[in-house]
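>>> have a look at this fold, sequence not included:
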């Protein structure tokens, strides 16, 4: 194999290594960790609410689990990335439906939180990140944050009352994987700019 083919892989490996080191640095700083956790929790709550898996309750405390929980946990409900709830937890004014959607939402929320955590780190210490006083880290994270909402597309259409054709609804099944790829790409794009040794 030629050296020319190894150059892009070497750059990608270096970018991933730098992103991992920068992510570790985010969790060493309480302020950046707060940005990651706050963003992830907020995003997950909005995600679950948009899916209808987090809703106002009627008060009291109640836990209901369906039979065949493990089998139904992985059973698609409306499409390839929408899963059947297997448990309902009511705690006072909140009702929560447990499903594989929570796991997917937590993964996406974590990526969104990490994107904003790295962007915050780049914004707080731009000289250490090699970006001077520019806001390129922030601008790079905007598409990723917006792409994370793609998984809720069908729900948004329903909420708005728009009659979507079968083609549009079918297209939404590809938006969740695309959103994850964009979030990972943005994470590397921002993370590679940060030099943890200079922080």
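Cool, the structure landed. Small disclaimer: the values here were computed from a predicted structure and weren't measured.

>>> contacts, neighbours, all on C-alpha from now
OK.

>>> residues touching residue 58, list them.
When contacts are counted by CA atoms under 8 Å, 6 or more residues apart in numbering, residue 58 touches 92-94.

>>> what's the least confident helix or strand in the protein, going by average pLDDT?
Across the helices and strands of the chain, mean pLDDT, DSSP states H and E gives its lowest value to helix 136-147, namely a mean of 47.

>>> which neighbouring elements make contact with the helix or strand containing residue 64?
For residue 64, the element it lies in under DSSP states H and E is strand 61-65. When contacts are defined as 3 or more CA pairs under 8 Å, 6 or more residues apart in numbering; DSSP states H and E, strand 61-65 packs onto strand 87-91.

>>> contacts made by the helix or strand following the strand it packs on with the rest, please.
Past strand 87-91, heading to the C-terminal end, the next element that is a helix or strand (DSSP H and E) is strand 94-98. Contacts to strand 94-98, defined as CA under 8 Å, 6+ apart, come from residues 53-59, 85-90.

>>> filter the residues you listed to the buried ones?
Neighbour-count burial within the contacts of strand 94-98 applies to 53-55, 85-90; the criterion is 16 or more other CA atoms under 10 Å.

>>> list just the nearest of the residues you listed to residue 179.
Proximity to residue 179 was ranked across the buried ones among the contacts of strand 94-98 by CA to CA; first place goes to residue 53, at 20.6 Å.

>>> what's near enough to touch the closest one?
By CA under 8 Å, 6+ apart, the contact list for residue 53 reads 95-98.

>>> next, format these as TSV and append distance to residue 31 and neighbour count.
Output for the contacts of residue 53, formatted as TSV (distance: CA to CA, whole Å; neighbours: other CA atoms under 10 Å):
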residue	distance to residue 31	neighbour count
95	31	21
96	30	20
97	32	22
98	31	20
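
>>> show me which of those residues is closest to residue 24.
Each of these was checked against residue 24 using CA to CA; the closest is residue 98, at 30.3 Å.

>>> pLDDT weak spots in this structure?
Residue ranges of the chain with pLDDT under 70: 1-7, 78-81, 125-174, 196-199.

>>> tell me where it has strands.
Counting by DSSP state E, the chain has strands at residues 54-56, 61-65, 76-79, 82-83, 87-91, 94-98.

>>> now what about the fifth one, what contacts it?
Spelled out, it's strand 87-91. With CA under 8 Å, 6+ apart as the test, strand 87-91 has contacts from 57, 59-66, 95-99.
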